[in-house]
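Participant: sequence and predicted structure, then a few things I'm wondering about:
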Amino acid sequence: PPPPARGHGPPPPEAHTVVIRCTVSDTGKGITVAQQAHLFTPYYQCESGIDRAEGGTGLGLSIVQRLVELMKGTLAVSSTPGSGTSFTFEV
């Protein structure tokens, strides 16, 4: 069969593959292993209560995880309490 018109359909098997990797790191207080287990749960926040310094609803990481999954990529977290956290995604 003739090849698909340009810009239509999946790329041919011999097409080059490009992988994008992005890492975001901070030098904050870090996240415990127990907290890491819940990070991608919608509305989960590591801290709660009146003394919580960071704002937000706890949706950001669950949205990022879903977008990365839709692109058939991976998302990982690495953290050491007292030393900061890194998030890496590949698509």
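Facilitator: It's in.
Participant: longest helix of the protein?
Facilitator: If you go by DSSP state H, the chain has its longest helix at helix 60-70.
Participant: tell me the helices and strands packed up against that helix.
Facilitator: For helix 60-70, the packing partners by 3 or more C-beta pairs under 8 Å, 6 or more residues apart in numbering; DSSP states H and E come out as strand 74-80, strand 84-90. Quick note: C-beta positions are derived from backbone N, CA and C, even for glycine.
Participant: okay, the residue positioned nearest the centre of the chain: pLDDT?
Facilitator: Geometric centre of the chain, nearest residue: residue 75, 4.2 Å, by C-alpha atoms, centre = their mean. Residue 75 carries a pLDDT value of 95.
Participant: pretty sure it sits against residue 65.
Facilitator: Yes: counting by C-beta atoms under 8 Å, residue 75 does reach residue 65; the two are 5.3 Å apart.
Participant: if we can go back for a sec, who does the residue nearest to the centre of the chain form a beta bridge with?
Facilitator: Beta bridges link residue 75 to residue 89 when assigned by DSSP bridges.
Participant: quick check: it vs residue 81, distance?
Facilitator: Note on residue 75: its distance to residue 81, by C-beta to C-beta, to the nearest Å, is 21 Å.
Participant: now residue 24. Nearest residue, chain neighbours left out?
Facilitator: Using C-beta to C-beta, 6 or more residues apart in numbering and skipping the chain neighbours, the partner closest in space to residue 24 is residue 87 (5.1 Å).
Participant: again but with residue 85, I slipped
Facilitator: Leaving aside its sequence neighbours, residue 85 sits nearest to residue 79 (C-beta to C-beta, 6+ apart; 3.9 Å).
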